[in-house]
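In: Structure for this input, please:
(2 chains)
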Amino acid sequence: MAGGALAELAKRRGFFFGANGAYGGTAGFYTFGPQGAALKRNVEEAWRDRFTRKEGNREIEAPTVMPEAVFEASGHLDGFDDMLVECGECGESSRADHLVEDATDFEDAESLSGGAVEDLIHEHDVACPSCGVALAGRDVENFNLMFATDIGPGDAHPGYLRPETAQGIFVEFPRLKEYARGSLPFGITQIGPAYRNEISPRGGLLRLREFTQAELEQFIDPETDEPPLDRVADVDVRLYPADEQAAADGEYRDTTVGEAVADGTIGSAWVGYYLGVAREWYERVGVDMDRFRFRQHLAGERAHYAADCWDAESEVGGDWIEIAGFAYRGDYDLSKHGEHGDDAFTVFKRYDEPKTVERATVDPDMSVLGPEFGGDAAAVADALETLAGRDPGAFEGETVTVEIGEGDDAETHEVDADVANFAVEETTENGEHITPHVVEPSFGVGRTVQTLLAHAYETDEVDGEERTYLALEPEVAPRDAAVFPLVTNDDRLVELATRVADDLRAAGLSVAYDDSGSIGRRYRRQDEVGTPFCVTVDRDGIEGDGPETVTVRERDSAAQVRVPVGELAAELATLRAGGEFVSLSERYDSVETDVETTTN
RNA sequence: GCACCGUUGGUCCAGUGGUAGGACAUUAGCUUCCCAAGCUAAUAGCCCGGGUUCAAUUCCCGGACGGUGCACCA
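Out: Below you'll find the model as predicted:
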């Protein structure tokens, strides 16, 4: 879709533009203008309605700055860290760790230090892949995609701007599970900005350094929780599975969610459920379904923990762009935070029936172990406890032999069996602590906005004149309606138009008022920003006996009907909520105009 | 980050070693009963820094930003 023309319209009409223009501009940052901000907000609100409200989920707002420890746990500190080496000859930057992996036996050079990689480049005479000149002696620089900052004065507390909103949910899981009364499944959503210090931002809204994500973290018990798949089983989806992408003549698989899950094309029922929900949502906000598909991640691009992963993709300007990701993340995230964090990232899962189990326990007499083993006493006690769980038989003799320490420091100690206070107890277990699995639908809001604009951009002819309009869905359009007096040389029209605009605003609608220029010019202004309905006050509407009426013009067809002022707010509200303009045509008089609309 | 190309009113463009012109848009007035009409007037611009020069928007160097290709893209 005319990318240049759309970018020009976006700038001129106030959808979005490069930020900080007065200071030369800042690559990777965009400001949403009045129209764009309204559109984006409406998209977010539609997402909120579908993925939070209608799913019975809850939304939170976490900070955008988080301490370093969070990202050590999440893996972003290492995983987002690229080692770059620049060729002194041709200036080409390459991934130093990848070059070393190709030249040596190392499979995970990324885990090495920069200095170690520099040494390996030297030892193995690694050369620039572009020009072949040796890279020995060049500095290996770490480039982390996360924006770093300091929390508080000094540099003792490093922090980072979050590279995804998800961590704000994972980190707070121990408390969030309390709000869910400790029971699975439950879902937490968040809409907000995330930050990545991209090496080279490109393509307008497509790759930014600050962008908005809408994410849902669905926490489930993998053994028992099933999605309500029947709700979306009949939803048509266009799938582009990994095997088709690998094939030379790979084709789409047009199927339904239910079938794709049943035949295993979609590996996870939960992922399948959200693909269905997402597909319906995208259609609702105005994505052209002929330019939409779900693409499965290839084995190589999938994170190792992700069992199945699909992207929603839309076609914009001839390219397919990722606009959402759907991942079955297993227990990866919560386990990581469980290892690094202080709190319990588990939920207690109650058994159907309490289980009675025999458990070997020890209760070492520390007043004996202390004097005997000194500083090793605690380690000996721990070893006894471990041994009891592993080999209760070891406690049958007079003494027990335990080993403490590891490797060369390992020591063996003899402990009097009485001191260990070994016992086998019968205990009742009501359940166990399990780490929930996570299903994560993650949406790019800016990319959705870009898609909607590209798919809504239309040209046609009205009355022989070419026009450009945005066929945005009323639910997401920046304005709900515009109100005009047909002409300004009649005060009665101006007064009524002003009153109608005020009334509509009081009714909660977002309304533009315009009395500048000819009526045709005003229609075109609104067409270009996607306002779905224009209300015009004319003389026919105020003369005669009946109630005051105005005309309502539908954007795409330019068709008009005459509606009483008193019913206007309710009708527009219905249209905004998805009502059909045709239903107005059936109940109200059409306005005869000579205007002809020709689709290009 | 590298390479090539570009940057002139709000937008899209023309042009020049002596500080600029158009179209569209905008504003005001006139006109106007339904789709960018017309008339009059007004507002508004050479990306930033350095160099060469009597003089730089123009030439040179560097930077920023944008486009394209490469690299990168949890």
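In: where does the stretch 251-400 of chain A dip in pLDDT?
Out: A:300-306 (pLDDT under 70).
In: residue contacts, the residue of chain A found nearest RNA strand B?
Out: Residue nearest to RNA strand B within chain A: residue A:539 (1.8 Å; C-beta to the nearest atom of the strand). Heads up, the C-betas are built off the backbone N, CA and C, glycines and all. With contacts defined as C-beta atoms under 8 Å, 6 or more residues apart in numbering, residue A:539 is in contact with A:486, A:490, A:492-493.
In: any idea of the pLDDT on it?
Out: Listed pLDDT for residue A:539 reads 93.
In: Angles on the backbone of it, please.
Out: Dihedral angles phi and psi of residue A:539 (degrees, to the nearest 10) take the values phi -70, psi -40.
In: how about the strands in the stretch 201-350 of chain A?
Out: With DSSP state E, counting those that start in this stretch, the ranges of strands along the stretch 201-350 of chain A come out as A:210-220, A:236-240, A:253-256, A:292-296, A:309-316, A:319-330, A:347-361.
In: Could you dump those strands into CSV with distance to RNA strand B and mean neighbour count added?
Out: Output for those, formatted as CSV (distance: least, C-beta to the nearest atom of the strand, whole Å; neighbours: other C-beta atoms under 10 Å):
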stretch, distance to RNA strand B, mean neighbour count
strand A:210-220, 8, 23
strand A:236-240, 17, 19
strand A:253-256, 24, 15
strand A:292-296, 13, 22
strand A:309-316, 9, 23
strand A:319-330, 6, 20
strand A:347-361, 25, 12
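In: got the contact list for stretch A:277-291?
Out: A:43, A:46-47, A:50-51, A:55, A:232, A:235-238, A:257, A:292, A:294, A:312, A:314-316, A:324, A:326, A:441, A:443, A:448, A:451-452, A:455-456, A:471-473, A:475-476.
In: the helices in the stretch 401-550 of chain A, which residues?
Out: A:417-420, A:445-456, A:491-506, A:519-528, A:539-542 (DSSP state H, counting those that start in this stretch).
In: residue farthest from the centroid of chain A?
Out: residue A:398 (61.8 Å; C-alpha atoms, centre = their mean).
In: got a list of what that residue touches?
Out: By C-beta under 8 Å, 6+ apart, the neighbours of residue A:398 are A:416-417.
In: Now for residue A:73, how many residues are close by?
Out: 21 (other C-beta atoms under 10 Å).
In: pretty sure residue A:245 contacts residue A:294?
Out: No: contact criterion C-beta atoms under 8 Å: residue A:245 and residue A:294 do not qualify, at 11.8 Å.
In: C-alpha coordinates for stretch A:447-462, CSV please?
Out: What follows is stretch A:447-462, C-alpha atoms only, in CSV (Å, rounded to 0.1, in the frame of the first residue of the first chain):
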residue,chain,number,x,y,z
ARG,A,447,2.5,-2.3,14.4
THR,A,448,-1.2,-3.0,14.7
VAL,A,449,-1.9,0.7,14.2
GLN,A,450,0.4,0.7,11.2
THR,A,451,-1.4,-2.3,9.7
LEU,A,452,-4.8,-0.7,10.3
LEU,A,453,-3.8,2.5,8.5
ALA,A,454,-2.3,0.6,5.6
HIS,A,455,-5.3,-1.7,5.2
ALA,A,456,-7.8,1.2,5.6
TYR,A,457,-6.1,3.4,3.1
GLU,A,458,-8.3,3.6,0.0
THR,A,459,-8.8,5.9,-3.0
ASP,A,460,-11.9,6.2,-5.1
GLU,A,461,-13.8,8.8,-7.0
VAL,A,462,-16.6,11.0,-5.7
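In: right, is it up against RNA strand B?
Out: Yes: using C-beta under 7 Å from any atom of the strand, stretch A:447-462 reaches RNA strand B at residue A:462.
In: what's the spacing between that stretch and its chain's center?
Out: 23 Å (C-alpha atoms, centre = their mean, to the nearest Å).
In: Over to stretch A:541-559?
Out: The chain centre lies 43 Å from the centre of stretch A:541-559; the measure is C-alpha atoms, centre = their mean.
In: Just the residues contacting that stretch, thanks.
Out: Stretch A:541-559 is contacted from outside by A:458, A:462, A:469, A:471, A:492-493, A:496, A:500, A:523, A:526-527, A:530-538, A:540, A:560-566, A:568, A:571-572, A:581, A:584-585, A:590-591, A:593, A:595, A:597, using C-beta under 8 Å, 6+ apart.
In: Would you mind checking these for buried ones?
Out: The neighbour count (16 or more other C-beta atoms under 10 Å) marks A:458, A:462, A:469, A:471, A:493, A:496, A:500, A:523, A:526-527, A:530-538, A:560-563, A:565, A:568, A:571-572, A:581, A:584, A:591, A:595 as buried among the contacts of stretch A:541-559.
In: How much space separates the residue nearest to residue A:356 when sequence neighbours are not counted from residue A:567?
Out: Leaving aside its sequence neighbours, residue A:356 sits nearest to residue A:428 (C-beta to C-beta, 6 or more residues apart in numbering; 5.5 Å). Noted for residue A:428: a distance of 68 Å to residue A:567, by C-beta to C-beta, to the nearest Å.
In: Compare the two (neighbour count), which wins?
Out: Using other C-beta under 10 Å as the criterion, residue A:428 and residue A:567 rank with residue A:567 on top: 14 against 8.
In: Which strand or helix spans that one?
Out: helix A:565-576 (DSSP states H and E).
In: which strands and helices sit next to that helix?
Out: helix A:491-506, strand A:533-537, strand A:549-554, helix A:581-587 (3 or more C-beta pairs under 8 Å, 6 or more residues apart in numbering; DSSP states H and E).
In: sorry, back to before: as CSV, the contacts of residue A:539 with distance to RNA strand B and pLDDT would be great.
Out: Listed next are the contacts of residue A:539 as CSV, based on distance: C-beta to the nearest atom of the strand, whole Å; pLDDT from 0 to 100:
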residue, distance to RNA strand B, pLDDT
A:486, 5, 95
A:490, 6, 91
A:492, 8, 93
A:493, 7, 94
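In: Please identify which pair of these lies farthest apart.
Out: Farthest pair in those (C-beta to C-beta) is A:486 and A:492. Separation: 11.0 Å.
In: show me what contacts residue A:298?
Out: Per C-beta under 8 Å, 6+ apart, neighbours of residue A:298: A:242, A:245-246.
In: Could you measure from it over to residue A:311?
Out: Between residue A:298 and residue A:311 the computed distance is 11 Å (C-beta to C-beta).
In: got it, and residue A:95?
Out: According to C-beta to C-beta, residue A:95 stands 23 Å off from residue A:311.
In: for chain A, what helix or strand is lowest in average pLDDT?
Out: When the helices and strands of chain A are scored by mean pLDDT, DSSP states H and E, strand A:93-95 comes last with a mean of 66.
In: Please work out the average pLDDT along the helix or strand following that one.
Out: Per DSSP H and E, the first helix or strand lying C-terminal to strand A:93-95 is helix A:96-103. Throughout helix A:96-103, pLDDT has a mean value of 71.
In: With respect to residue A:25, which of the contacts of residue A:539 is nearest?
Out: residue A:486 (42.2 Å).
In: For that closest one, grab phi and psi.
Out: Backbone torsions of residue A:486, given as degrees, to the nearest 10, read phi -60, psi -40.
In: Around it, how many other residues sit close by?
Out: For residue A:486, using other C-beta under 10 Å, the count is 19.
In: can you check residue A:115 too?
Out: Residue A:115, neighbours per other C-beta under 10 Å, totals 10.
In: ends of stretch A:577-592, how far apart?
Out: Terminal residues of stretch A:577-592 lie 27 Å apart, using C-alpha to C-alpha, to the nearest Å.
In: Identify the residues contacting that stretch?
Out: By C-beta under 8 Å, 6+ apart, stretch A:577-592 touches A:474-475, A:533, A:551-552, A:554, A:557, A:559-563, A:571, A:575.
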